[in-house]
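Chemist: when you get a sec, could you give me coordinates for this:
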Amino acid sequence: MASMIPPSAGSGLDGLPARVALLFVWMTGIAHGLEVHAFDVDTAPVVLAYALAAVAAVAVTLPPRGRLPAAPTAAVVTLGATITVIVLTSPDVSHIVWLFDFASYPIALLIPRGRPLVGGVCLALLIAAGTTWALVSDQTDPSWGRIVSGPLVAGAIGFIWLSTLRRIVGRETSARSDRERAEMLSEAAVAATRAYQDELARVTDESEPVLLDIAGTEYLDEPTQRRIGIVEGRIRDRLRAGDLFHPRVTAAIDAARDGGVRVLLIGGGTIDDEGISDDLADRIVGILELPGLEHVTVRRLPPGRRAAVSAVAGTTGGTVRAAFDHAGRDVGMRPDTSAS
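Modeler: Now for the predicted structure:
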């Protein structure tokens, strides 16, 4: 997988600016730790964990440009595992859960640094460790959702960054001269970094209010759980079906999910701020607002077909199948008489 990106392609993570940014985040973590008295319990292990976090931030931003060498990659993984053990074996995880979040950041950044398999597997292990802790620990704070949200969001951003970089690099590697290729790859890195920052801001705006609510309560009531599900679904939809993005469609999906409808979007896996036309969005919204709707799957079809979007909706009265072109015109819609 990593071979799809030339070694000379930069991700923007191999220099001083990225290192300073990560260390600044690390310093805010120290301030947070002092505020919540994180150093009052198991002082020595906690201090060690903060120190290891700083080393991991430096290791993942080391040169050379492009794919991170094996030695710093192994260091990031080892440091992240050590921090995780320190946090999850602490008698008071709630005061140092920030360290668990931060441990996932350098590991997630291995993904755009050309180590997607290592980063993805390690993030999965972090989530598994957090889940195991939530199941077996006597501590109720933090909740399971709070402890796994850090690795989940970090991993999503890492793969978005990698996907954007690959897509841009793939278009630009056809340049004939070394000078043109170098200039285009530099532009690709800048665009990938900008896309990462924009998507990080979107994900943060979506998830931060919910995460703050989770962190501030010991019990998740049903409305909060529904809200978490809606936000999680919205982020997943953007990652998996960004080419179906439209504000009215997003609002209709949120309303449907809030009412208990199971909604699945399948797209080309790209993030497209242009999204779909208003007319096509209205047709999709019409499917999402069918009376008695129980579940619906909306799929963005490959280019070259007459239909741009297909939908299969299960209602209390049967199954409705629909297909629309880019302009929202019906190119095949019929209700089934069988029960859904």
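
Chemist: which elements pack onto the helix or strand that contains Thr319?
Modeler: Using DSSP states H and E, Thr319 falls within strand 318-324. If you count contacts as 3 or more CB pairs under 8 Å, 6 or more residues apart in numbering; DSSP states H and E, strand 318-324 packs onto helix 278-288, strand 309-315, strand 334-335. No exception for glycine: its C-beta is placed from N, CA and C like everyone else's.

Chemist: again, only this time at 10 Å
Modeler: Applying 3 or more CB pairs under 10 Å, 6 or more residues apart in numbering; DSSP states H and E, one finds that strand 318-324 contacts helix 278-288, strand 293-300, strand 309-315, strand 334-335.

Chemist: what mean pLDDT does the longest one get?
Modeler: The predicted model gives helix 278-288 an average pLDDT of 93.

Chemist: just stretch 228-244 next, same as before
Modeler: Averaging pLDDT along stretch 228-244 yields 78.

Chemist: residue ranges with poor pLDDT in the stretch 151-300 of the chain?
Modeler: Applying pLDDT under 70 to the stretch 151-300 of the chain picks out residues 168-182, 195-196, 199-200, 203, 207, 210, 213, 215-216, 268-275.

Chemist: circling back to that earlier point, return the strand holding Thr319 as CSV; C-alpha atoms alone will do.
Modeler: Extracted in CSV, the C-alpha atoms of strand 318-324 (Å, rounded to 0.1, in the frame of the first residue of the first chain):
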residue,chain,number,x,y,z
GLY,A,318,-43.0,-3.0,1.3
THR,A,319,-39.7,-2.3,-0.5
VAL,A,320,-39.2,0.7,-2.7
ARG,A,321,-36.3,0.7,-5.3
ALA,A,322,-35.3,3.9,-7.0
ALA,A,323,-32.6,5.3,-9.4
PHE,A,324,-31.9,8.9,-10.4
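
Chemist: bridging residues for Val312?
Modeler: The partner list for Val312 in beta bridges (DSSP bridges) reads Thr297, Arg321.

Chemist: so it sits against His295, correct?
Modeler: Yes: proximity of Val312 to His295 meets the contact threshold set by CB atoms under 10 Å, at 8.8 Å.

Chemist: enumerate every residue touching Arg202.
Modeler: The neighbours of Arg202, taking CB atoms under 10 Å, 6 or more residues apart in numbering as the test, are 160, 234-235, 238, 271.

Chemist: now those residues in JSON lines, with distance to Ala38?
Modeler: Below are those laid out as JSON lines (distance: CB to CB, whole Å):
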{"residue": "Ile160", "distance to Ala38": "31"}
{"residue": "Arg234", "distance to Ala38": "32"}
{"residue": "Ile235", "distance to Ala38": "29"}
{"residue": "Arg238", "distance to Ala38": "33"}
{"residue": "Ile271", "distance to Ala38": "36"}
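
Chemist: out of the residues you listed, who's nearest Phe39?
Modeler: Ile235 (33.5 Å; CB to CB).

Chemist: count the neighbours of the closest one for me.
Modeler: As a burial measure, Ile235 scores 18 neighbours (other CB atoms under 10 Å).

Chemist: not counting its neighbours along the chain, what's nearest Ser310?
Modeler: Ala323 (4.6 Å; CB to CB, 6 or more residues apart in numbering).

Chemist: same question for Leu288.
Modeler: Closest to Leu288 by CB to CB, 6+ apart is Ala252, at 4.2 Å.

Chemist: so that neighbour touches Leu265, yeah?
Modeler: No: using CB under 10 Å, Ala252 is not in contact with Leu265; the gap is 11.6 Å.

Chemist: please enumerate the shared neighbours of these two.
Modeler: Common neighbours of Ala252 and Leu265 (criterion: CB under 10 Å, 6+ apart): Ile284.

Chemist: just to revisit the earlier point, just the ones of the contacts of Arg202 in strands?
Modeler: Here DSSP state E is the test, and the contacts of Arg202 give no hits in strands at all.

Chemist: if we can go back for a sec, deepest of the helices and strands packed on strand 318-324, which one?
Modeler: Mean neighbour count (mean count of other CB atoms under 10 Å) peaks for strand 309-315 among these, with a mean of 21.

Chemist: the one residue sitting closest to the centre of the chain: which element?
Modeler: Relative to the mean C-alpha position of the chain, the nearest C-alpha, by CA atoms, centre = their mean, is the one of Ala156, at 2.2 Å. For Ala156, the element it lies in under DSSP H and E is helix 144-172.

Chemist: in that helix, what counts as buried?
Modeler: 145-169, 172 (16 or more other CB atoms under 10 Å).

Chemist: could you do stretch 17-35 as well?
Modeler: By 16+ other CB under 10 Å, the buried positions in stretch 17-35 come out as 18-19, 22, 26, 29, 33.

Chemist: so how far is it from its chain's centroid?
Modeler: 21 Å (CA atoms, centre = their mean, to the nearest Å).

Chemist: repeat for stretch 133-150
Modeler: So, by CA atoms, centre = their mean, the centroid of stretch 133-150 is 20 Å from its chain's centroid.

Chemist: make 710 the first number, not 1, from now on.
Modeler: With 710 as the first residue, the last one maps to stretch 842-859.
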